[in-house]
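Asks: When you get a sec, could you give me coordinates for this:
(chains A and B)
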Protein chains: 2
Amino acid sequence: MTHAFDEAIALATQDDGSFVGRTSPAYANMVGPYGGITAAQALNSVMQHPELLGEPVALTVNFAAALADGPFTLIARPVRTNRSTQHWTIELQQQGEPALTGTAVTALRRQTWNGSEQPMPETTKPADVALPAPRKGTPWIDRYEMRLVSGGFPAVWDGADHSEGPSQLWMRDNPPRALDFPSLAALADVFVPRLWLRRAKFVPLGTVSMTVYFHADSAMLAATGDGYLFGQSQAQGFTNGYFDQSSLLWNEAGQLLATTHQVVYYKE
Amino acid sequence: MTHAFDEAIALATQDDGSFVGRTSPAYANMVGPYGGITAAQALNSVMQHPELLGEPVALTVNFAAALADGPFTLIARPVRTNRSTQHWTIELQQQGEPALTGTAVTALRRQTWNGSEQPMPETTKPADVALPAPRKGTPWIDRYEMRLVSGGFPAVWDGADHSEGPSQLWMRDNPPRALDFPSLAALADVFVPRLWLRRAKFVPLGTVSMTVYFHADSAMLAATGDGYLFGQSQAQGFTNGYFDQSSLLWNEAGQLLATTHQVVYYKE
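Replies: Residues are numbered from 1 along each chain as shown, chains lettered A, B, ... in the order given. The predicted structure follows:
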């Protein structure tokens, strides 16, 4: 049986080199698709491109318009290919209009000195963290096993500050699926918007731009397999309609697989 | 007299709507231009565009090739304009080839609940922090007054870890110049690469992709004027040729003006 994630990111190649994909009901959000699945679809247009050099290092996607349920066209262009790096532009169109713009950098990696300034925090083991109660109306949430250590949805929407330090959780695809670059990009967007934690008020909001830096290469992804990732997320500034949120994702062995940043529109 | 920064980011409009600019000797780096000035030039192509809606919220630039000294073409396209947001693609070309790709989001901001999860650290006042000794061979460094609180270049390149917590400095244009969006984008790139601090080894490196989120609006820029900004920077992961660095920039009043992230190639 095909995993829902593979179905969701499947792309059909067109004669002109563009791809056709479609929004996935399995990854629907309250309105439109989960942003993480759209980011994964965008990245997959690069991964599926016949001219791909190397593996993803950076991905930026800008959500230019709400996606309508149904098909879309994805155009990935390798605009500059160097000896070991390749620069991509990405555009997702519906009805001929861009609904997402993006760029990616892929690269052939070589072994170097490695390190981290962000060791994984000491935390509870995944099996010791309870699964949250199911939430209705947001199908994509059921596509992930999310064991919240801190910073889930506020228990009460009482207008108080529920942030209490960074948001932390264990997470993986549900059912489990071996990690790859698109699924890592999708997991980078699972965090509860910090605005809701800070204010415990259900303010309309939506991600405007999201960047993922991949520290994992194929070997680290293979070593991670379908194991849990530990995610930590914190906001930075909230000013006049836009806030940003920065997150880190490690595997159970404590390797930093990706870092991610997003800027989010909020209504009030 | 025109400020060197204004000269550096000046763009001439072409009949087809593209711009012509040129690399600035005043902002030269060891090889090619300072990345921050290139980011500022790219943003300025959006700022100068006759169809601009609102003010910058997000900017991503990807350094696709080393820039040659001399002229370049900048093409900014408003690919999607919504009621209050506008999505841009940016391309910088030399000899008809893309040397930089980018995207930007601009928006009309409205007053909302504001906050921060990143208060400015307690620190020494700018006047109480000594100016560093001048450095030869990197003209752009003279374009900034940088008062290093911690995390300047290693005093000795001895292969030890000189990082000692995040890099912190007070900074402003030299001579002082009232802050605007392009100069804020340029200031977002001043930080010493953390790899050099971590290893005190002069490994070749270069920024591949850089994202700036603007928390400042015009009013906050005006309130900042030509005062100092406080910058703090820390790396996250270093894996097989690429590391990322995240930075925050506040004004003297403690307002978070911008956050910025970059992924940097390193050779070994």
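
Asks: Dihedrals phi and psi, the closest residue to residue A:54 other than its chain neighbours?
Replies: What sits nearest to residue A:54 in space, not counting adjacent residues and going by Cβ to Cβ, 6 or more residues apart in numbering or on different chains, is residue A:108, at 4.1 Å. To be clear about C-beta, it is placed using only N, CA and C from the backbone, and glycine gets the same treatment. Backbone torsions for residue A:108, taken as degrees, to the nearest 10, come to phi -80, psi 120.

Asks: ok, now which ones touch residue A:108?
Replies: A:53, A:54, A:55, A:84, A:85 (Cβ atoms under 8 Å, 6 or more residues apart in numbering or on different chains).

Asks: Okay, and which of those residues map to strands?
Replies: A:55, A:85 (DSSP state E).

Asks: Export the contacts of residue A:108 to JSON lines and append columns for neighbour count and pLDDT.
Replies: Output for the contacts of residue A:108, formatted as JSON lines (neighbours: other Cβ atoms under 10 Å in any protein chain shown; pLDDT from 0 to 100):
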{"residue": "A:53", "neighbour count": "17", "pLDDT": "98"}
{"residue": "A:54", "neighbour count": "15", "pLDDT": "98"}
{"residue": "A:55", "neighbour count": "17", "pLDDT": "98"}
{"residue": "A:84", "neighbour count": "14", "pLDDT": "97"}
{"residue": "A:85", "neighbour count": "22", "pLDDT": "98"}
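
Asks: and of the contacts of residue A:108, the nearest to residue A:193?
Replies: Among the contacts of residue A:108, residue A:55 lies closest to residue A:193 (Cβ to Cβ), at 29.4 Å.

Asks: and the gap between that closest one and chain B?
Replies: 10 Å (Cβ to the nearest Cβ, to the nearest Å).

Asks: what does the stretch 51-200 of chain A put close to chain B?
Replies: Selection of the stretch 51-200 of chain A residues close to chain B by Cβ under 8 Å from any Cβ of the partner chain yields A:57-58, A:60, A:62, A:64-65, A:79-80, A:82, A:85, A:87-89, A:91, A:97-99, A:101-103, A:105, A:107, A:109-118, A:163, A:194, A:198-199.

Asks: Please, where are all the strands along the stretch 51-200 of chain A?
Replies: Secondary structure of the stretch 51-200 of chain A (DSSP state E, counting those that start in this stretch): strands located at A:55-63, A:71-81, A:85-94, A:97-107, A:115-116, A:144-150, A:167-173.

Asks: any idea which of the ones you listed is most buried?
Replies: Highest mean neighbour count among the strands of the stretch 51-200 of chain A (mean count of other Cβ atoms under 10 Å in any protein chain shown): strand A:55-63, with a mean of 27.

Asks: distance between that strand and the chain's centre?
Replies: 10 Å (Cα atoms, centre = their mean, to the nearest Å).

Asks: Mind exporting the C-alpha coordinates of that strand to PDB?
Replies: Taking C-alpha atoms only, strand A:55-63 is exported to PDB below (Å, rounded to 0.1, in the frame of the first residue of the first chain):
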ATOM      1  CA  GLU A  55      21.000  16.900  -2.500                       C
ATOM      2  CA  PRO A  56      19.000  19.800  -1.000                       C
ATOM      3  CA  VAL A  57      20.900  22.300   1.200                       C
ATOM      4  CA  ALA A  58      18.400  25.200   1.300                       C
ATOM      5  CA  LEU A  59      14.700  25.600   0.300                       C
ATOM      6  CA  THR A  60      12.600  28.700   0.500                       C
ATOM      7  CA  VAL A  61       8.900  28.700  -0.400                       C
ATOM      8  CA  ASN A  62       6.700  31.700  -0.400                       C
ATOM      9  CA  PHE A  63       3.000  31.100  -0.100                       C
END
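
Asks: Work out the sheet partners of it and label each with its direction, please.
Replies: Using DSSP bridges, strand A:55-63 pairs in its sheet with strand A:97-107 (antiparallel), strand A:205-214 (antiparallel).

Asks: now the ones you listed as JSON lines including mean pLDDT?
Replies: Shown next, in JSON lines, are those (pLDDT from 0 to 100):
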{"stretch": "strand A:97-107", "mean pLDDT": "98"}
{"stretch": "strand A:205-214", "mean pLDDT": "98"}
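
Asks: Pipe the contacts of residue A:108 into TSV and attach distance to residue A:237 per row.
Replies: Shown next, in TSV, are the contacts of residue A:108 (distance: Cβ to Cβ, whole Å):
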residue	distance to residue A:237
A:53	36
A:54	34
A:55	32
A:84	35
A:85	31
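
Asks: Can you tell me which of the contacts of residue A:108 is nearest residue A:125?
Replies: residue A:55 (29.8 Å).

Asks: Summarise which helices and strands the top helix by length along chain A is packed against.
Replies: The longest helix of chain A (DSSP state H) is helix A:35-47. When contacts are defined as 3 or more Cβ pairs under 8 Å, 6 or more residues apart in numbering or on different chains; DSSP states H and E, helix A:35-47 packs onto helix A:4-9, strand A:19-22, strand A:55-63, strand A:71-81, strand A:85-94, strand A:97-107, helix A:181-187, strand A:205-214.

Asks: pull the CA atoms of the last one into CSV?
Replies: If I follow you right, that is strand A:205-214. What follows is strand A:205-214, C-alpha atoms only, in CSV (Å, rounded to 0.1, in the frame of the first residue of the first chain):
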residue,chain,number,x,y,z
LEU,A,205,-2.8,33.5,10.7
GLY,A,206,-0.9,31.9,7.8
THR,A,207,2.7,31.2,6.9
VAL,A,208,3.9,33.7,4.2
SER,A,209,7.5,32.4,3.7
MET,A,210,9.4,29.4,5.0
THR,A,211,13.0,28.4,4.7
VAL,A,212,14.5,25.0,5.5
TYR,A,213,18.3,24.4,5.7
PHE,A,214,19.1,20.7,5.4
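
Asks: nearest to residue A:124, of the strands paired with strand A:55-63?
Replies: That would be strand A:205-214 among the strands paired with strand A:55-63, by Cβ to Cβ, at 25.9 Å.
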